[in-house]
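Trainee: Return a 3D structure for these sequence lines:
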Amino acid sequence: MKSCAYLLGLSLSLPGVASPDAPAHPPLTLEQVTARVLEHNPQLQESGYVARAAAARVAQAGLATPLEAGIELENLAGTGAAAGGDALEATLSLARILERGGKPALRGGLARQEARLLDQEQAARRLDVLAEAARRFVHVVTGQERRVIAADGVELARRTRAAVERRVQAGKSPVVERRRAEIALARSELQLGHAQRGLATSRLELSTLWAETEPAFASAQADLFALPPVESFERLAQLQENNPDLLRFATRERLAEARVRLAGSRRRPDIEVSGGLRYLGQGDDVALVLSASLPLGSERRNAAVIEEARQERLREPLAREQRRLELHATLFGIYQELLQARAAVDMLGEQIIPQARHALGEYEQGYAAGRYSLLELTEAQRVLLDARLEAVMAAADYHRYLIEIDRLTGAARNAGVTP
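Mentor: Alright, predicted model coming up:
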């Protein structure tokens with residue numbers, strides 16, 4: 001069974017950070033998320049019933065027309081010779097419509113194509129659900145990283161308050177700086193609370209995908225900055241032919257062709273044949289009755305139906321090509337965003353964050369020595385925290401774009417999830 005490539009290919013190796021109010025459960029891996037979703041997601045469970053219903057429709061469509069039993073009573077009551085039922089005649093008959101042009105087989109073929117289309121739609125839904133699970137998992141991991149940064153912000157604010165207090169006690173800074181440091185600490189604690197509540201929401205949203213309203217995991221086990229490689233755009237454009245939408249269009253073309261054949265078979269009208277025994281109302285005399293009927297003008301009446309089916313068949317390839325072009329443009333745009341996210345992660349991790357961390361160390365030493373102001377110190381702290389948060393969001397964007405690319409290409413990686 002195919003699944004979203006990201007679900008099988010994302011490198012997840014380092015343990016995540018648990019929320020302080022999270023229940024005592026082991027960390028959750030993306031592999032476990034996939035297994036739980038496949039087993040317990042209500043949408044995917046519903047697909048099994050839909051598939052069985054489609055199989056029943058296929059079996060029904062190929063059946064021949066049923067026999068019809070009938071009884072006809074003539075002269076049941078009346079006047080004169082027909083009074084008292086003396087002239088009663090009764091006919092017991094069996095009738096059936098004899099379908100011409102191979103209609104049962106064509107109906108069965110049409111039902112099979114419809115079932116195939118439904119199966120592809122169910123497969124697309126399965127990919128959508130798994131892709132959403134991967135996105136929500138990434139959101140949990142991102143929330144954990146944001147909580148870590150917020151906690152570090154609180155720690156920096158406490159260190160700053162302590163440094164300010166020392167300078168105020170030594171008479172080197174005004175008392176007002178103590179208040180500013182207290183305000184900064186309170187703001188950082190608010191941000192930490194916001195990050196924790198956001199993480200709790202993300203955990204719940206993830207667990208609802210396998211029908212749990214109480215998250216039974218403490219944290220997501222993942223390394224957000226392990227960025228899996230991606231194919232070249234030319235290769236991805238080739239893989240795009242596996243997109244479920246395009247595969248459904250191919251099935252829709254075959255479905256339209258089956259409808260044309262079924263409509264064409266209706267040019268040959270069906271014959272209704274009936275036969276039975278008639279009781280003549282006199283002694284034990286009976287007679288054999290046989291009748292047949294054939295509708296006239298069937299070819300003229302079905303001409304419009306056939307033409308409609310033909311036009312629908314001609315339309316499908318054009319609709320498929322339009323969808324292919326739309327998907328190609330979407331894929332290109334996402335690919336460019338993916339490259340930009342990767343460049344941002346590299347630049348932030350290799351240059352900006354190390355320099356910001358080094359600068360903060362110098363500002364902390366300089367503030368203690370009286371060379372820098374409190375405003376300059378807090379600005380250096382903000383620059384470092386913002387850069388770290390930007391790196392987290394860029395890495396999260398990379399994973400999200402990779403999920404979308406894998407969804408657009410219908411690809412599946414072979415790499416497993418690293419525990």
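Trainee: Do you know the pLDDT at the closest residue to Q60 other than its chain neighbours?
Mentor: Leaving aside its sequence neighbours, Q60 sits nearest to A111 (C-beta to C-beta, 6 or more residues apart in numbering; 7.7 Å). No exception for glycine: its C-beta is placed from N, CA and C like everyone else's. Looking at A111, its pLDDT reads 78.
Trainee: by contact count, what packs against the helix or strand containing A111?
Mentor: Using DSSP states H and E, A111 falls within helix 103-169. Counting contacts by 3 or more C-beta pairs under 8 Å, 6 or more residues apart in numbering; DSSP states H and E, helix 103-169 is packed against helix 5-9, helix 30-40, helix 42-61, helix 176-207, helix 244-265, helix 353-369, helix 374-409.
Trainee: buried ones in the fifth one?
Mentor: It stands for helix 244-265. Within helix 244-265, the residues that count as buried by 16 or more other C-beta atoms under 10 Å are 244-249, 251-265.
Trainee: just to revisit the earlier point, would you mind telling me which of the helices and strands packed on helix 103-169 is nearest I71?
Mentor: Closest of the helices and strands packed on helix 103-169 to I71 is helix 42-61, at 27.7 Å (criterion: C-beta to C-beta).
Trainee: The helix or strand following the closest one pairs with which strands, and in what direction?
Mentor: Counting by DSSP H and E, the next helix or strand C-terminal to helix 42-61 is strand 68-74. Applying DSSP bridges to the sheet, strand 68-74 is found paired with strand 89-98 (antiparallel).
Trainee: how much distance is there from the strand it pairs with to the middle of the chain?
Mentor: Centroid separation between strand 89-98 and its chain, computed with C-alpha atoms, centre = their mean, to the nearest Å, is 54 Å.
Trainee: Report the angle between it and helix 103-169.
Mentor: Comparing the axes of strand 89-98 and helix 103-169 via axes from the mean of the first three to the mean of the last three C-alpha atoms, to 10 degrees yields an angle of 60 degrees.
Trainee: Flag every buried residue along strand 89-98.
Mentor: Buried residues in strand 89-98, defined by neighbour count with 16+ other C-beta under 10 Å: 90-91, 93, 95-97.
Trainee: which residues are contacting it?
Mentor: Strand 89-98 is contacted from outside by 65-75, 270-281, 289, using C-beta atoms under 8 Å, 6 or more residues apart in numbering.
Trainee: Could I get the contacting residues of I353?
Mentor: I353 sits in contact with 384, 387-388, 391, where contact means C-beta under 8 Å, 6+ apart.
Trainee: Kindly report the same for R357.
Mentor: Residues in contact with R357 (C-beta under 8 Å, 6+ apart) are L384.
Trainee: do the same with the one 3 residues further on
Mentor: L360 makes contact with 380-381, 383-384 under the criterion C-beta under 8 Å, 6+ apart.
Trainee: now those: which count as buried?
Mentor: Buried, going by 16+ other C-beta under 10 Å: 380-381, 383-384, out of these.
Trainee: Distance to R203 and pLDDT added to the residues you listed, as JSON lines?
Mentor: Listed next are those as JSON lines, based on distance: C-beta to C-beta, whole Å; pLDDT from 0 to 100:
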{"residue": "A380", "distance to R203": "33", "pLDDT": "95"}
{"residue": "Q381", "distance to R203": "29", "pLDDT": "95"}
{"residue": "V383", "distance to R203": "30", "pLDDT": "96"}
{"residue": "L384", "distance to R203": "27", "pLDDT": "96"}
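Trainee: any chance of those in JSON lines, plus distance to G48?
Mentor: JSON lines is the format used below for those (distance: C-beta to C-beta, whole Å):
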{"residue": "A380", "distance to G48": "58"}
{"residue": "Q381", "distance to G48": "55"}
{"residue": "V383", "distance to G48": "54"}
{"residue": "L384", "distance to G48": "52"}
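Trainee: Could you report the neighbour count for the closest residue to G62 other than its chain neighbours?
Mentor: Using C-beta to C-beta, 6+ apart and skipping residues adjacent in sequence, the residue nearest G62 is G108, 3.2 Å away. Residues lying near G108 (other C-beta atoms under 10 Å) number 18.
Trainee: separation between G108 and L377?
Mentor: Using C-beta to C-beta, to the nearest Å, G108 is found at 79 Å from L377.
Trainee: pLDDT below threshold where in the chain?
Mentor: Scanning the chain with the threshold set as pLDDT under 70 gives 1-25, 76-87, 281-283, 297-299, 301, 411-419.
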